[in-house]
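Q: compute the structure for the input listed below.
(4 chains)
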4 protein chains.
Amino acid sequence: MSKTVVVFHSGYGHTERVAEFVAKGAQAALIAIDPDGNLSNEQWLQLDEADAIVMGSPTYMGMVSWQFKKFADTSSSRWYSGAWQGKVAGGFTISGSLSGDKLSTLQYLMTLAMQHGMVWVGQPGLGDGTINRLGSNSGVMAQVGAASPASAIPQGDLDTAHALGQRIAELAAKLKA
Amino acid sequence: MSKTVVVFHSGYGHTERVAEFVAKGAQAALIAIDPDGNLSNEQWLQLDEADAIVMGSPTYMGMVSWQFKKFADTSSSRWYSGAWQGKVAGGFTISGSLSGDKLSTLQYLMTLAMQHGMVWVGQPGLGDGTINRLGSNSGVMAQVGAASPASAIPQGDLDTAHALGQRIAELAAKLKA
Amino acid sequence: MSKTVVVFHSGYGHTERVAEFVAKGAQAALIAIDPDGNLSNEQWLQLDEADAIVMGSPTYMGMVSWQFKKFADTSSSRWYSGAWQGKVAGGFTISGSLSGDKLSTLQYLMTLAMQHGMVWVGQPGLGDGTINRLGSNSGVMAQVGAASPASAIPQGDLDTAHALGQRIAELAAKLKA
Amino acid sequence: MSKTVVVFHSGYGHTERVAEFVAKGAQAALIAIDPDGNLSNEQWLQLDEADAIVMGSPTYMGMVSWQFKKFADTSSSRWYSGAWQGKVAGGFTISGSLSGDKLSTLQYLMTLAMQHGMVWVGQPGLGDGTINRLGSNSGVMAQVGAASPASAIPQGDLDTAHALGQRIAELAAKLKA
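A: The predicted structure is shown next:
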């Protein structure tokens, strides 16, 4: 059995809701980066032991939040030792506009995964208006108006997140076998 | 009076329609890259004499079309001589999905402009559901379903293109003064 | 036994030389995109049957060459049918400057692979002055002065290409098992 | 007379040294983001009053440092009000490898500037081995081995930074006239 972990930062609960669906799809543990951009030692160990790590952040000012970036900077000790090489990786983001710069966030998550020597898995397939509504392939993009609560995120976006989780867990299981 | 030129490739008429609105906003000449990715010598001279160049391409397979890229590759003679340094630049793209990889196309247009030493002007402001409907700032993103004709492009997207043209022409005029 | 194919465009032989070392590392077949950006039907079938596809292009004007882009645009039939989903992918590029915009090319190769639903494998590890001399992780970056022949590409860059080929073939074999 | 400000985060003094040369070229004030990612109110006002803002950060884990990103996130109040629209912008970064992911950092600085509606100015011209040694056009890339002090940064890289500062200040003066 492979272990998948979903590590994310959520400012107002929207990214957390998407993370929950990724985690359901992957039967994964959830690790929330705290408002100061920190994880506990125990949480770092959970990441070290995972076969797959799915990373999520809101898109703020065209990029992952600073709290997520602090997590990425702190992961440099793992980069230096090569501790995460070969793990499976994937990512997701959410913002208030239909496109905006969400791709910029996913590109960075890919860049970070590549620095760690991980294997990146995206979201295949064309959008159909419900699943992959926004037409993203590098990872999952979700969207809801800036003034809307997390409960207003379209179900199709959450189902897309669930599908990504499933795909990542399956690949991690295959690679572990 | 400053001169602005809109150079674009359009596969099925959608990018052309957006280009027309940029050109109206900028009171610019339109230059269409042909289906083989070529321009006439006269069109290259028009570009050389312009104070501002706005570049447009559909997003195909996550990037500008190969015809647009052939134009970019052919512009390497101007890159080598620095002929376009200091010109004002901007860009636009259209595709069938709400987000997709349109940002990847705009990022490339910026990269190309930077290689030429141009000054990049984007699309300021938050989306309001009509103007800048998709929430793009690096340039204009327009969208219409893959099976829809160019006439179905939302008017707000075209008005956004018009506003970008206007902004670029104004900046070019200021820099020329 | 898994099958890896290296598909590349080379303008002046530099990318071809890097491709040869990737192919050696992966025990892969080489497919050269022709000067008009075309492949034969037989070559398309080779790609369809591959377990892993490594993609290579020079960086021209900040991006893959137009010939490579034409290959990418033509691959849209496989994108539409999902024919390449789950294949392993990786990439490499070369240009005349130490950094330049080579990352832009690798980012695009990743974007293209994601559109096809492929699994992306990069180049792990820090540079040591020889292997991974330029410090790239998203794929292999090679470099040689613009006026230099392909034979002048540093051996370390070629060894890096070899290592990427090996890594990709190993992962493809694991996933096939 | 136009006012240029250089805002930067420096972890170990390398980015600060590059920032000093940009500032000399632009006759600009220097604003250092503190180790917690904060600026004083007075420093925010300096930015608000500037005609041009040059932004600098080390490339850590493939992107601006978290402290720089915290500055970017905090600037969202200016984004919301459009307070920085029309200002001139440019950027620079430094890291330990020749290429690495420095372009990823410059791409983000451009994305951030575009969100603010600023006008982006890069670094024109081919590298000559000294000026623009690494061949970057989107902004300035500097490099020195990870174990080397800031004093070891090649003079050509610093001269390149100086030239960018000059170019940005000239454009800001033209636009203000």
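Q: only C-alpha atoms from now on, for both contacts and neighbour counts.
A: Fine.
Q: any bit of the helix ranked longest in chain A sitting next to chain B?
A: Scanning chain A for the helix with the most residues, using DSSP state H, yields helix A:155-176. No. On the criterion CA under 8 Å from any CA of the partner chain, helix A:155-176 is out of touch with chain B, staying 13.0 Å away.
Q: check stretch A:128-147 too.
A: Yes. Stretch A:128-147 reaches chain B (CA under 8 Å from any CA) through A:133, A:134, A:135, A:136, A:137.
Q: quick one: mean pLDDT over that stretch.
A: Regarding stretch A:128-147, the rounded mean pLDDT is 94.
Q: export only the CA atoms of that stretch, formatted as PDB.
A: The C-alpha coordinates for stretch A:128-147 follow below in PDB (Å, rounded to 0.1, in the frame of the first residue of the first chain):
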ATOM      1  CA  ASP A 128     -16.500  19.000 -20.300                       C
ATOM      2  CA  GLY A 129     -18.000  21.900 -18.500                       C
ATOM      3  CA  THR A 130     -18.100  20.000 -15.200                       C
ATOM      4  CA  ILE A 131     -15.000  17.900 -14.800                       C
ATOM      5  CA  ASN A 132     -12.000  20.100 -15.500                       C
ATOM      6  CA  ARG A 133     -14.300  23.100 -16.100                       C
ATOM      7  CA  LEU A 134     -11.400  25.500 -16.600                       C
ATOM      8  CA  GLY A 135      -9.400  23.300 -18.900                       C
ATOM      9  CA  SER A 136      -6.200  22.800 -16.900                       C
ATOM     10  CA  ASN A 137      -3.800  19.900 -17.400                       C
ATOM     11  CA  SER A 138      -0.700  20.700 -15.300                       C
ATOM     12  CA  GLY A 139      -2.700  20.200 -12.200                       C
ATOM     13  CA  VAL A 140      -6.200  21.100 -10.800                       C
ATOM     14  CA  MET A 141      -7.500  24.600 -11.100                       C
ATOM     15  CA  ALA A 142     -10.600  25.500  -9.100                       C
ATOM     16  CA  GLN A 143     -12.400  28.800  -9.000                       C
ATOM     17  CA  VAL A 144     -15.000  30.700  -7.000                       C
ATOM     18  CA  GLY A 145     -15.800  34.400  -6.800                       C
ATOM     19  CA  ALA A 146     -13.600  36.300  -4.400                       C
ATOM     20  CA  ALA A 147     -16.500  37.100  -2.100                       C
END
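Q: next, the buried residues of it.
A: Across stretch A:128-147, burial judged by 16 or more other CA atoms under 10 Å in any protein chain shown covers A:131-144.
Q: please list which of these are also close to chain C.
A: Within these, those near chain C by CA under 8 Å from any CA are A:137, A:138.
Q: and the buried residues of stretch A:128-147, which of them are in helices?
A: Among those, no member falls in helices (DSSP H).
Q: for residue A:57, give me its contacts.
A: By CA atoms under 8 Å, 6 or more residues apart in numbering or on different chains, the contact list for residue A:57 reads A:8, A:9, A:10, A:15, A:64, A:65, A:68, A:92, A:93, A:94, A:105.
Q: touching the longest helix of chain A from outside, list them.
A: Residues contacting helix A:155-176 (CA under 8 Å, 6+ apart): A:1-4, A:18-19, A:21-27, A:51-52, A:54, A:87-90, A:92, A:121-123, A:130-133, A:139-143, C:174-175.
Q: please pick the buried ones from these.
A: Buried among the contacts of helix A:155-176 by 16+ other CA under 10 Å: A:2-4, A:18-19, A:21-27, A:51-52, A:54, A:87-90, A:92, A:121-123, A:131-133, A:139-143, C:175.
Q: and the residues you listed, which of them are in helices?
A: Using DSSP H, these in helices are A:18, A:19, A:21, A:22, A:23, A:24, A:25, A:26, C:175.
Q: same list (those residues) but as JSON lines, adding pLDDT.
A: Output for those, formatted as JSON lines (pLDDT from 0 to 100):
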{"residue": "A:18", "pLDDT": "98"}
{"residue": "A:19", "pLDDT": "98"}
{"residue": "A:21", "pLDDT": "98"}
{"residue": "A:22", "pLDDT": "98"}
{"residue": "A:23", "pLDDT": "98"}
{"residue": "A:24", "pLDDT": "98"}
{"residue": "A:25", "pLDDT": "98"}
{"residue": "A:26", "pLDDT": "98"}
{"residue": "C:175", "pLDDT": "94"}
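Q: what's the closest of these to residue D:81?
A: residue A:18 (29.1 Å; CA to CA).
Q: so how far is residue C:70 from residue A:5?
A: As judged by CA to CA, to the nearest Å, residue A:5 and residue C:70 stand 39 Å apart.
Q: quick one: which of the two has more around it?
A: Using other CA atoms under 10 Å in any protein chain shown as the criterion, residue A:5 and residue C:70 rank with residue A:5 on top: 27 against 21.
Q: can you verify my assumption that that one contacts residue A:50?
A: Yes. Taking contacts as CA atoms under 8 Å, residue A:5 lies within contact range of residue A:50: 6.2 Å.
Q: which residues touch the closest residue to residue A:20 other than its chain neighbours?
A: Counting by CA to CA, 6 or more residues apart in numbering or on different chains, residue A:30 is the residue found nearest to residue A:20 once chain neighbours are left out, at 7.4 Å. When contacts are counted by CA under 8 Å, 6+ apart, residue A:30 is found next to A:5, A:6, A:7, A:8, A:19, A:20, A:23.
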